[in-house]
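**Student:** the sequence and its predicted three-dimensional model are supplied below.
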Amino acid sequence: MTLDITNLRIAYPHGRTDKPAVESFSLSVGANERVAIVGESGSGKSTVANAIMGLLPGKASVTGSIKLDGTELIGLPTREWYKVRGAQIGYVPQDPMLSLNEVWTIGYHFRETIATHRLVPHEDGRDAWRKLAADRLREVGLNDAERVLKQYPHQLSGGMRQRVLIALALLARPKLIIADEPTSALDVVVQKQILDLLEDLTDRLGSSLILITHDLGLVADRCTRVSVLYRGDQVETGSIDEVIRAPKQAYTKHLLEAVPKLSAIRSRAFNDFKDAEKVLEIRHLYKEYPLKRSGWFFNRHGASILQASDDVNLTVRSGECRALVGESGSGKSTIAKIVMGLEKPTRGDVIIQGRNRWDIRGQELDEQAHHIQIVFQDPYASLDPQFTVQRTLLEPFAVHHRQWSADERYERILHLLELVGLDEDLLGRYPDELSGGQRQRVAIARALALEPEILVLDEAVSALDVIVRAQILETLRDLRERLGLSMLFITHDLAVVAEIADSVSVINHGRIVESGAVSDVFLNPQDDYTKELLAAVPGRAAF
Amino acid sequence: MSEPNVKQSSGRKPAAKPRKSYSSFGQAWLRLRVSPLFWISVVIIAFLLVLAIFPSLFTSHTPDRCDLGDSRAPAGGEYLLGADLQGCDIMANIAYGARASLTVGVVSSLGATAVGVIIGIVAAYFGGWVDALLSRISDVFFAIPLILGAIVAMQVTEHRNVWTLSAILIFFGWTNTARIARSATLEVRTKEYIAAARLLHVHNGRILLTHILPNIIAPIIVVATIGIGGLIAAEASLSYLSIGLPPNIPSWGKAIADGQKVLRVNPGIMLWPALALTLTVLAFISLGEAIRNAFGSRKDSR
Amino acid sequence: DEGSGSASTAAYNPVSVSGTAPGGDLIPTNSQESGKKTLVWQLFDGLVDVDPDTRTVRNEVAKSITSDDQQTWTITLNQDRKFSDGTAVKADNFIKAWTWGADIANAQIASGDLAVIKGYDKLHPSDGSKATATEFEGLKKVDDHTFTVELTSPYSSFVNLLTSVTFYPLPDSFFKDPDAWRKNPVGNGPYKLRQAVDEATGAYFDLNKYYKGNRTPHNTGLYVRFYTDSSAAYQDVLADNLDITSPGGADLLTAKDDFGDRLVEPAITGPNTTITFPLWDDFWKSSNGLKVRQAISLAIDREEIVDKVFNGYAVPAKDFTVKGLNGWSDSIKGSDVLEFNVTKAKALLKEAGGYTKELPIYYNADGAHKQWVEAVANQIKKNLGINAVPKPTTTFSDFLQKRADHQFTGPWRASEIPFNPGLDDMLRNVYSTSGSANSGSEWQSDAFEAKLKEGWQQKDTDAANEKFNEAQEILFQDLPAIPLWYTKIPNVYSTKVSNVHTNVFGSTLYLVEKQ
Amino acid sequence: MARYILSRLEQAVVVIFVATLLLYALAYAMPGDPVAALAGENQTLDAATRAAIAAKYNLDKPFLVQYALYLGRVFHGDLGTTFAGRPVTEVIATAFPVTARLAIIAIVIETIVGVLVGLLAGRRKGSGFDSVVMTITMILLGIPSFVLAFAVQYFFGVKLRWMKPTVSEFATWGELVVPALVLAVGSIAFLIRFTRSGVVDALNSDHVKAARARGIHEWRIGLAHVLRNVLIPIVTVIGTEFGGLLGGAIITESVFNIPGFGQQVYQHIIRGETAPTVSLVSVLVIIFVTVNLLVDLLYAVLNPKVRYGSHE
Ligand SMILES: Nc1ncnc2c1ncn2[C@@H]1O[C@H](COP(=O)(O)OP(=O)(O)OP(=O)(O)O)[C@@H](O)[C@H]1O
Ligand SMILES: Nc1ncnc2c1ncn2[C@@H]1O[C@H](COP(=O)(O)OP(=O)(O)OP(=O)(O)O)[C@@H](O)[C@H]1O
Ligand SMILES: [Mg+2]
Ligand SMILES: [Mg+2]
């Protein structure tokens, strides 16, 4: 199998700028190859992936050539696409949250894909697909496959959905796999499992892989070749050895320098927050989700209950940045939602600045917005599709700083953009016209707008390239120093933890298994799970 | 807030030149301005408005000057479109009837939509007892079919005119929109961006107006603009049942109901006002389609 | 019970005819409304009825009806008449039926017809209190087949009045259990009900095998199908899906073209359409009011409306009764006010000092009156410059209520129907204080009443009619109502039937033949 | 869920109660003297008879007394008698099935045609098919139903004789197809447009894009990922249209002479028969409340988020 992309140029119409999103992009991928596309957030990586799949929005204009085994894909009629998509090319979309149909169970997604590509022979009976689906789910680390098949997308965690999408893409064992940030929501252990799988597929079955990622360690470990994008231009392309170990272009060098390192801990000074005031306290928190089997009208309550949070105790002190790490699906987002009051706990208390969360009402609730803000795990779903970036960012001011003039507000927005490294040009765009990383940064900017005292970040930097990420971490650190910002930082990226967090709690199956200062936990892990986690961090060899 | 001192990746100075930030509605307008469908419908509607405001520009006759001797006179000659059974000028009926028909159609559709949307959104957004109460109230009205309700209410009404008729049509007609708005809101309110807005403590009114409404407006516009034609036709149905507007207020509905009786012999008497009605329906539906596209084009453009 | 099989060997193939739901039981004294009458006419035979050919009153159940003083009448019955349940029709069946009908406790709608009989006020006190008698003082049984009727005053038209359904007999079974009878009515007419009337769809009639009268059916039965929209019935006849109907409204415009030969016009015209004035109103009671009324009447071009709105199925009115009655005259003194004369009209209006207010013309929108009321209003507007405005009430009941409450400030539409072929019937019913269907205008004239009384004392019909027409002269002088035209309601019929007639005083359906 | 249904049923009782009160008040306020109208065109009643008849139907009593008497009777299972002397229960028993048949045919046609054509048009937005469908629906939406009914009756019933111009007393399923079609035309056009609009939006969603990337066929995407997702608003619309169908049946029933419920309701309104009117319309109220409840329950079936969310 070979994929040949030559001179690809893709442009989205935008009022003022007619700079294309991707320009003169060329790449060829042969059998058994694992090619990485890396680059700045918004540089056009997803755009290239979409172009290969023929899934660009209608308004985008495409020129150049994309050939799959000699067949030109640009302008391929729909009928022909059926033979390509899913069968020959498997695609893992970047946004796991909206890429599953909310009204169907995960099982349905599998069944339909299996039926479409006739992956199980008819003779095997009506339920044969279930076995295949379950197998594939286990392959991606969803060991509770039977349960997952019966669940609806909204009942899964971000990482679980991402894995469901990976399993779906690999279902037909396609010759070419295009994975757009497939592990952005996955902890290192699971990430490793997935990458092993992908590697195995390319090695054993002769498939090829195009991996879009910002994790250079991962690229160095797993890929054979790499292409670097910067603002739509392909600045460098070549083998791993050439590009990663001996970069020629300034941008690539810059990129490599910015890679956060676990070893940063050693060189960092840690503040001690023992005496600081507790701004956020979670006490004996339990959250249970009943695992129902869905009937048509009546949901038969099965005996089983999913313990998403199991006696969670957690404290964030003033000025502290506490990281929360743990396996995908271990209950991190659940805690975040409960802290924000979006979910009711089954039992337990959340105390914010000395007040019980559910005692805060009226005027106080209004002020609450200044106290605590969140960046959701899925940036796209948390942006109103009808709002331009400018409106999204203006909204907090329209509510809380009404006395400000339009000029003041605008200046404030520009400042926020600056903080998250976004261009003023994006102000007029809608969420669906942004790249994944751009969306995430808009969400961060919004959360910072009111200068909250506590910030909950749920995988808030997962979609960002290392340079932008470094800038944002810098911003957060700065805010903490100047304004005493306290953070609950949910992430699976241990390097990020090392870089920004003061203390860390490790969660596994809804329980906090280990908690302490980052240096203590990372350098001297006690719990088995923590040890496993640390061992799985990719790119150790390279950096 | 003091200016944070952050390392800046680019040396660009924040230029304080606020650009106009358009609301969803403002943005929709920007897109509308370039929609041909929109302008076609606007031209037709403008024409209808002129017709309604200055009917005398279009005919030398008035609808109350009728000469039975000219009963069912053919088109052309003295009567541009012919004369009806009473010998009244059909063109005059249409021109002078435009005012009542358009008013009834537009006012009652707008009214019903406004009431329906408010009640539907509020019910779904707040849920709980508010939803129960509002939904049950709408059940009460929903249970009484529009035409039935109008039949009874029109009889009770002392002064029948376009306003009372519109009020009655609104009174019994808002529930459809309410239910559609409610179901759409139920869908939207679970979205994370609503949660995000709540966490910013955007107050409920603003959330309803800026987040929920623009995201459910597309189906509502379909319902509302189709409703304009439907309600003009409802007036015709009431006229057919002889409980529409009083005889001295000319309306298309009456003209159609009267003309229907002689449809087999003189189809023109009914067809002309029916054509006016169809044109109106067409214009408003096109307008709705254009507006819907403007709102929906967030997704449409993909 | 006995089926109809023995009466006819032919297969049941009923003549279908349009009707309207009766909306009530079929007790004759309760049946004044035309939908009901169509059914009651099939189900019952009266003492007398109107011969469809000669249009004169002929005997049916009665063998003879005689009187010397026009006040006490002796009625002898034919002895061979039976109800469809096989019981004989006797004097008691009439006496008891009339007594029952007059009793206020039974609240019979048409009981007013019985007021001519002595003793009615005891059975039916006008103040609404309970009856003070159980017997009808004026009714005396002589033997099983003879009884006498004493009237309150001489009334030579009594025989005409007896054609009314109010005077039909009721079988003994009715008095045993009126409710059971209501569900399954039994009469003495040419037909009997095949099954209970279905208010929503219609009524099937079988032949009454005991029937012995003049109206022996030429067919195997009837199906009266109920319609709410007369034009649906018209379409059905066009498509041979129904046998007979009376077109109304706009269907009249095409009836001749659509049916050609299969259309019969009545010999006696139907209702006299008028606009009637509220004479309780000071202005309309005044002499200027009279002049305005005359001006309005002169300003209406009846010919044109008859032509354009009714497509000729009406005749411009010449008097207050209807054309075709014995004694009808088109040249009663004062009837020139019914001519179309704009000059004279304008002069009269001027004499009256003009009329500047709005002139409402009331009508009920649930009947087919809109077109002509608008035409009349348009003509008044055009010819007199008076701002005449049609004012519909939604329903007839609303119309009646508003009229009764004196809420009308201008004329209203009315169609005055003759119930029998007597020239005096409409005059008495509509314009006399002794009538039961008063026009509502509250017009009263002693001279008019005296003329009628004079007429009723005559034994000779022609002499009586002369008096009645003199009474009409008084009506023309005061003009409480403006007669407009006599409606001619034709019948149209399908290709499956023949020998179709039309008669406003009774049913001619028994004559219809069906292949 | 069972508790939810139970509480909804409790609320339904209140709704029916309030609706009957409202209706009774409206019907009571209707002007006119129904007793006088009983006498027909040319006959006025004397006051004594009038009063006697009015007393028989409680028409002489004040509003609240009438309503209380009415309710009392209803609680004893007596829905009243019409002026014609028929028990209202009997009217319901004979007329309701007819209109139910009519409405069921109409709703089935409407659902199938409306959803299918709407889906196809939405899928091919901007195509020739789409334009033709959109134009036709616009015209259909501009034609009052009675005009269409009359035209269909004349052309197919009288001119071409493809059908009988009216429906027989039995109002069989077959006979009701054409009237039902006429009745549903406006709703069909509306549903087509509504479905199309939802389909156009849904086609652009991310999960559709993802499904396409998996190679799912367009027809399956149309059904499972587009239609299935816009089903909630469509079900809502079909539920609401059901009301319009029963209400609009008045005119259709009159033109095709269908012995249906709408006619009965209309006739009793026109005759000013308060109690029977209210009883009859209450049947409609009960139906709508039931339909509404079903629609709301369907939401839960159709939308797992509602099913598993806080809404239970
Ligand atoms: N539908 C669209 N309409 C207009 N512009 C778009 C659209 N989609 C993406 N863009 C723009 O095109 C550029 C490239 O976007 P793309 O999604 O390919 O970036 P990316 O490299 O995948 O970034 P990330 O790592 O943040 O996901 C970005 O500047 C983005 O704002
Ligand atoms: N609404 C729900 N109904 C049922 N189960 C749920 C629901 N929401 C979450 N869960 C389950 O709760 C568990 C924890 O989910 P959560 O989203 O908190 O995980 P997470 O730690 O954030 O994972 P990730 O890193 O993948 O985002 C998962 O097993 C998930 O399936
Ligand atoms: Mg991307
Ligand atoms: Mg999560």
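**Tutor:** Right, received. Where do you want to start? Numbering: from 1, shown residues only, chains lettered A, B, ... in the order given. Ligands and ions are numbered 1, 2, ... in the order given.
**Student:** poorly predicted segments of chain D, please.
**Tutor:** Within chain D, the stretches with pLDDT under 70 are D:1, D:42-44, D:247, D:306-312.
**Student:** which residue does chain B have closest to chain D?
**Tutor:** residue B:145 (2.2 Å; Cβ to the nearest Cβ). Placement of C-beta: from N, CA and C, glycine included.
**Student:** distance of that residue from residue D:108?
**Tutor:** 19 Å (Cβ to Cβ, to the nearest Å).
**Student:** do the same with residue A:501
**Tutor:** 62 Å.
**Student:** which of the two has more neighbours?
**Tutor:** residue A:501 (26 against 12; other Cβ atoms under 10 Å in any protein chain shown).
**Student:** pLDDT value on the residue of chain B closest to chain D, please?
**Tutor:** pLDDT recorded at residue B:145 is 76.
**Student:** same check, this time on the one 5 residues further on
**Tutor:** As summarised for this prediction, residue B:150 has a pLDDT of 84.
**Student:** secondary structure class for it?
**Tutor:** Classification of residue B:150 using DSSP: H, G, I helix; E, B strand; the rest coil returns helix.
**Student:** surely it meets residue B:170?
**Tutor:** No - using Cβ atoms under 8 Å as the test, residue B:150 is too far from residue B:170 to be in contact (10.6 Å).
**Student:** so which of the two has more stuff around it?
**Tutor:** A direct count of neighbours by other Cβ under 10 Å for residue B:150 and residue B:170 places residue B:150 higher, at 26 against 20.
**Student:** contact partners for that one?
**Tutor:** By Cβ atoms under 8 Å, 6 or more residues apart in numbering or on different chains, residue B:150 lies in contact with B:168-169, B:172, B:234, B:238, B:243.
**Student:** as a check, name the ranges of all strands in the stretch 301-450 of chain C.
**Tutor:** For the stretch 301-450 of chain C, applying DSSP state E, counting those that start in this stretch gives strands covering C:314-316, C:358-364, C:387-393, C:412-416.
**Student:** can you name the residue of the stretch 351-500 of chain C nearest ligand 2?
**Tutor:** Among all residues of the stretch 351-500 of chain C, residue C:394 sits closest to ligand 2, at 56.7 Å; criterion: Cβ to the nearest ligand atom.
**Student:** what do you get for the stretch 51-200 of chain A?
**Tutor:** When distances are taken as Cβ to the nearest ligand atom, the stretch 51-200 of chain A reaches nearest to ligand 2 at residue A:159, 2.4 Å away.
**Student:** that residue - that's part of a helix, no?
**Tutor:** Yes - counting by three-state DSSP, residue A:159 falls inside a helix.
**Student:** surely it touches residue A:331?
**Tutor:** No - with contact defined as Cβ under 8 Å, residue A:159 does not reach residue A:331; the gap is 11.5 Å.
**Student:** burial measure for the closest residue to ligand 2 within chain C, as a count.
**Tutor:** Residue nearest to ligand 2 within chain C: residue C:200 (54.4 Å; Cβ to the nearest ligand atom). Residues lying near residue C:200 (other Cβ under 10 Å) number 22.
**Student:** picking that back up, can you get me a residue count around the nearest residue to the residue of the stretch 351-500 of chain C closest to ligand 2 once chain neighbours are set aside?
**Tutor:** Computed as Cβ to Cβ, 6 or more residues apart in numbering or on different chains, the closest residue to residue C:394 that is not its neighbour in sequence is residue B:155, at 4.6 Å. Residues lying near residue B:155 (other Cβ under 10 Å) number 22.
**Student:** does residue B:155 touch residue D:31 like I think?
**Tutor:** Yes - judged on Cβ under 8 Å, residue B:155 makes contact with residue D:31 at a distance of 6.4 Å.
**Student:** overlap in contacts of the two?
**Tutor:** Common contacts of residue B:155 and residue D:31, defined by Cβ under 8 Å, 6+ apart, comprise C:394, C:398.
**Student:** residues from the stretch 351-500 of chain A in reach of ligand 3?
**Tutor:** Selection of the stretch 351-500 of chain A residues close to ligand 3 by Cβ under 5 Å from the ion yields A:435-436.
**Student:** hmm, back to that, wait, which of the strands of the stretch 301-450 of chain C is closest to residue A:509?
**Tutor:** strand C:387-393 (78.3 Å; Cβ to Cβ).
**Student:** pairing partners for the closest one, with directions?
**Tutor:** In the sheet containing strand C:387-393, its partner strands are strand C:358-364 (parallel), by DSSP bridges.
**Student:** so for the strand it pairs with, mean pLDDT?
**Tutor:** Averaged across strand C:358-364, pLDDT comes to 94.
**Student:** one more: stretch A:373-385?
**Tutor:** 88.
**Student:** ditto for stretch C:93-104
**Tutor:** For stretch C:93-104, mean pLDDT rounds to 95.
**Student:** give me the contact list for it.
**Tutor:** Residues lying outside stretch C:93-104 but in contact with it, judged by Cβ under 8 Å, 6+ apart, are C:27-30, C:47, C:75, C:83, C:106, C:108, C:110-111, C:114, C:117, C:120, C:123-125, C:128-131, C:134-136, C:139, C:141, C:147, C:166-172, C:174-175, D:48-49, D:52.
**Student:** buried subset of those residues?
**Tutor:** Neighbour counting by 16 or more other Cβ atoms under 10 Å in any protein chain shown classes C:27-30, C:47, C:75, C:83, C:106, C:108, C:110-111, C:114, C:117, C:120, C:123-124, C:131, C:136, C:139, C:147, C:166-171, C:174, D:48-49, D:52 among these as buried.
**Student:** from residue B:221, how far off is the closest residue to residue C:228 other than its chain neighbours?
**Tutor:** For residue C:228, ignoring the flanking residues on the chain, the nearest one in space by Cβ to Cβ, 6+ apart is residue D:254 at 4.9 Å. When distance is defined by Cβ to Cβ, residue D:254 is 34 Å away from residue B:221.
**Student:** count the neighbours of residue D:142 for me.
**Tutor:** Using other Cβ under 10 Å: residue D:142 sits among 24 other residues.
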